[in-house]
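1. I would like the atomic coordinates for the input below:
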Amino acid sequence: MFRRGAALVLAVATSAAAMAGEAATGGWTVGVTTSGGFAGTGRGNVHVHSSAKVKALRAAPPGRAGGSCDGTLSDAELQRIAAAVEGSKPAGWAAAKLKGAAPDAFGYVLELRQGEQSHQAAWYDNTRERMPADLAELYAAVEAAWDRIVKGCSES
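-> Residues are numbered from 1 along each chain as shown. Reported below is the predicted structural model:
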């Protein structure tokens, strides 16, 4: 369990550093970092900026580097994520009691940055159904774009 926790802390720190520069330029940035799962490597990470830029990092087996994919949100993806950011209520995210990992569950940390403000939520596969509706919509919007970007990167 310590290894999973340490990996999650490292992933969050890396995500925060990458996102700080993007959010400082105005607009918003949403980052999702993952950990855990059977191999302990998560399923990758993604950073999405209000400028429609996306950087996705694919998970890799332990000891190997994962690939990265740069992409651009479609107009529909940008509109969906922007609406979810606008409708988000991050003050309620911490109260959702989402931190109860099952064995081999993926762990997720979503960070929303708007200017100098930063909000985080953490959950696991087995606690996803308890997510507040606004957080679930924001994650679903980001996940759909993330999946498309990674699939396109894998095929090229």
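2. Just want the most central residue of the protein.
-> For the chain, V32 is the residue whose C-alpha lies nearest the centre (CA atoms, centre = their mean; 1.1 Å).
3. beta partners of that one?
-> Beta bridges link V32 to V46, L110 when assigned by DSSP bridges.
4. Would you check that it makes contact with F106?
-> No. Using CB atoms under 8 Å, V32 is not in contact with F106, being 10.8 Å away. In short, each C-beta sits where N, CA and C put it, glycine included.
5. And the strands in the chain, which stretches?
-> With strands called from DSSP state E, the chain shows them at 28-36, 45-49, 53-57, 68-72, 106-114, 117-124.
6. my guess is T41 meets R58, correct?
-> No. Under the criterion of CB under 8 Å, T41 makes no contact with R58, lying 9.8 Å away.
7. between these two, which one's more packed in?
-> T41 (20 against 17; other CB atoms under 10 Å).
8. Kindly tell me how buried the spatially closest residue to the more buried one that is not a sequence neighbour is, as a neighbour count.
-> Leaving aside its sequence neighbours, T41 sits nearest to A59 (CB to CB, 6 or more residues apart in numbering; 4.6 Å). A59 has 19 neighbours, counted by other CB under 10 Å.
9. E86 now?
-> Using other CB under 10 Å, E86 is surrounded by 11 other residues.
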